[in-house]
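Q: structure for this input, please:
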Amino acid sequence: MLNNLIDIGDIIQNAALFSPRNWRDAAMASDALLQAIHRLFDLLETRGASYVLVGGVALLNYVEGRNTQDIDLIMALGDLENLTEIQVTYRDQFFARGDFQGLQIDILLTTNPLFSKVQQEHVTTLHFQEHDVRIATVRGLLLLKLYALPSLYRQGDFLRVNIYENDIAALMYQHHPDMGAILSELAPFISASDLASLQKIVHEIDQRIKRFRTNQPADN
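A: The predicted model follows:
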């Protein structure tokens, strides 16, 4: 029996409702988003699209406290092009962004070898209402988060760096993954200098987690 996926509709609906920029049209946006989410997964299933759910919604199946207003998917370009109902607003070699009935969809294209690897090797299936949804595993999410970090540092994007490092820390704290093995798997897809930087970041996060656990009161 499949485990249930968290309620995607509730997560995105709540994020939209609590975003000040959406307050004026909150009620309308809320109902429209819920309908769009259900129609999107109907569409993906009907067209036989080979997708994997990643990003904030996927993360919330493994840790608490993350919020998101969009859907993140790994998908092949051919599958995206077959989903003509998704209006593509941006596309480059490895990424695309689209709009589906007011729902923002960020797409990691499998033209990127790491994204393809995660899609093929680091996926589980959870049940969401009448759909069986393919979702990245903890290891898959960590590979994607770590892969993105060096680029975010180079861009000077402090806010996203902070979010991604917190996501990595939360997954490490909650699930005790073998980070050495994950970094080794990631190594062929990044430069040696980026790998060294990530090893340092992971070590610092690990030390922070150890200090936190040491300071926790013993159970009575």
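
Q: buried stuff in stretch 78-98?
A: The neighbour-count check on stretch 78-98 (16 or more other Cβ atoms under 10 Å) flags 79, 80, 83, 86, 96, 97, 98 as buried. C-beta here means a position set from N, CA and C on the backbone, and glycine is covered the same way.

Q: double-check that the last one belongs to a helix.
A: This points to residue 98. No: looking at residue 98 with DSSP: H, G, I helix; E, B strand; the rest coil, it is strand, so not inside a helix.

Q: check whether residue 61 really touches residue 135, as I assumed.
A: Yes: between residue 61 and residue 135 there is a contact at 6.5 Å, judged by Cβ atoms under 8 Å.

Q: who has more neighbours out of those two?
A: Neighbours were counted for residue 61 and for residue 135 using other Cβ atoms under 10 Å; residue 135 has more, 23 against 20.

Q: so how far is residue 174 from the residue nearest the centre of the chain?
A: Closest to where the C-alpha atoms of the chain average out (Cα atoms, centre = their mean) is residue 55, at 1.2 Å. According to Cβ to Cβ, to the nearest Å, residue 55 and residue 174 sit 17 Å apart.

Q: got any ranges where the chain has weak pLDDT?
A: Applying pLDDT under 70 to the chain flags the ranges 1-33, 65-69, 128-129, 218-220.

Q: domains in it, as residue ranges please.
A: Here the domain parsing of the chain from automatic domain parsing is 8-131, 140-214.

Q: winner for burial among those?
A: Highest mean neighbour count among the domains of the chain (mean count of other Cβ atoms under 10 Å): domain 8-131, with a mean of 17.

Q: so how far is it from its chain's centroid?
A: Centre-to-centre, domain 8-131 and its host chain are 9 Å apart (Cα atoms, centre = their mean, to the nearest Å).

Q: identify the residues contacting the nearest residue to residue 100 once chain neighbours are set aside.
A: Distances taken as Cβ to Cβ, 6 or more residues apart in numbering place residue 86 nearest to residue 100, at 4.9 Å, with adjacent residues excluded. Applying Cβ atoms under 8 Å, 6 or more residues apart in numbering, we find residue 86 in contact with 80, 98, 99, 100, 105.

Q: now render the residues you listed as TSV, adding distance to residue 199.
A: Conversion of the contacts of residue 86 to TSV gives the following (distance: Cβ to Cβ, whole Å):
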residue	distance to residue 199
80	34
98	35
99	38
100	39
105	33
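
Q: tell me which two in those are the farthest apart.
A: Farthest pair in these (Cβ to Cβ) is 80 and 99. Separation: 12.8 Å.

Q: of the contacts of residue 86, closest to residue 142?
A: Comparing those against residue 142 with Cβ to Cβ places residue 105 closest, at 22.3 Å.

Q: using PDB, write out every CA atom in the helix or strand where the closest one lies.
A: If you go by DSSP states H and E, residue 105 is part of strand 103-109. Provided in PDB are the C-alpha atoms of strand 103-109 (Å, rounded to 0.1, in the frame of the first residue of the first chain):
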ATOM      1  CA  LEU A 103      -0.300  27.800 -11.300                       C
ATOM      2  CA  GLN A 104       3.400  28.400 -11.700                       C
ATOM      3  CA  ILE A 105       5.400  25.300 -12.700                       C
ATOM      4  CA  ASP A 106       9.200  25.300 -12.600                       C
ATOM      5  CA  ILE A 107      10.700  22.500 -14.700                       C
ATOM      6  CA  LEU A 108      14.100  20.900 -14.400                       C
ATOM      7  CA  LEU A 109      14.800  19.400 -17.900                       C
END
